[in-house]
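Asks: okay, here's the prediction I keep looking at, along with the sequence it came from:
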Amino acid sequence: MSDPISRDEVAKVAELAMLELTDGELDTFTGQLAAVLQHATDVDALDVADVEPTNHPYPLVNVFRPDVAENRVSREELLAAGPEIEDHMFKVPPVLGEQP
């Protein structure tokens, strides 16, 4: 079997991508791309005729709990937990250091 990609083809692709590659980089990338293409050939050779198509290997289940209000706390109890209250709301410092 011949190489899946030649050094000249890698050089041409690099030129089209406007990449300047050294001779060493061309040799390295030719080998790497050949390995990737060989892997693609190996995957293509697999018999998957009886394999059902899937978009995820695991069954997905909604992990959220039902949105049901339980054990409601009164507004006064919540406000009592805050450091400072003004007009029945939490009082916080201005975000940008400006006064309203």
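Replies: Right, received. Where do you want to start?
Asks: let me see the ranges of the strands in this structure.
Replies: Along the chain, counting by DSSP state E, strands occupy 85-86, 89-90.
Asks: to V61, which of those lies closest?
Replies: Closest of the strands of the chain to V61 is strand 89-90, at 37.4 Å (criterion: Cβ to Cβ). Where C-beta positions appear, they are placed from N, C-alpha and C, glycine not excepted.
Asks: partner strands of the closest one and their direction?
Replies: strand 85-86 (antiparallel) (DSSP bridges).
Asks: that older thread, quick one: which of the strands of the chain is nearest D27?
Replies: strand 89-90 (65.9 Å).
Asks: what residues does the closest one touch?
Replies: The contact list for strand 89-90 (Cβ atoms under 8 Å, 6 or more residues apart in numbering) reads 79, 82-84.
Asks: dump the residues you listed to TSV, plus neighbour count.
Replies: Shown next, in TSV, are those (neighbours: other Cβ atoms under 10 Å):
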residue	neighbour count
L79	13
G82	12
P83	7
E84	10
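Asks: rebuild those residues as a markdown table, extending it with distance to V73 and pLDDT.
Replies: What follows is those, written out as a markdown table (distance: Cβ to Cβ, whole Å; pLDDT from 0 to 100):
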| residue | distance to V73 | pLDDT |
| --- | --- | --- |
| L79 | 10 | 90 |
| G82 | 13 | 86 |
| P83 | 17 | 87 |
| E84 | 19 | 90 |
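Asks: show me where this protein has helices.
Replies: Counting by DSSP state H, the chain has helices at residues 7-16, 23-44, 75-80.
Asks: can I get those helices in JSON lines including distance to R65?
Replies: Formatted as JSON lines, the helices of the chain follow (distance: least, Cβ to Cβ, whole Å):
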{"stretch": "helix 7-16", "distance to R65": "52"}
{"stretch": "helix 23-44", "distance to R65": "41"}
{"stretch": "helix 75-80", "distance to R65": "21"}
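Asks: picking that back up, which of the strands of the chain sits closest to S6?
Replies: Of all these, strand 89-90 comes closest under Cβ to Cβ, at 69.5 Å.
Asks: re earlier: so which of the strands of the chain gets nearest E20?
Replies: When the strands of the chain are ranked by proximity to E20 (Cβ to Cβ), strand 89-90 comes first, at 60.3 Å.
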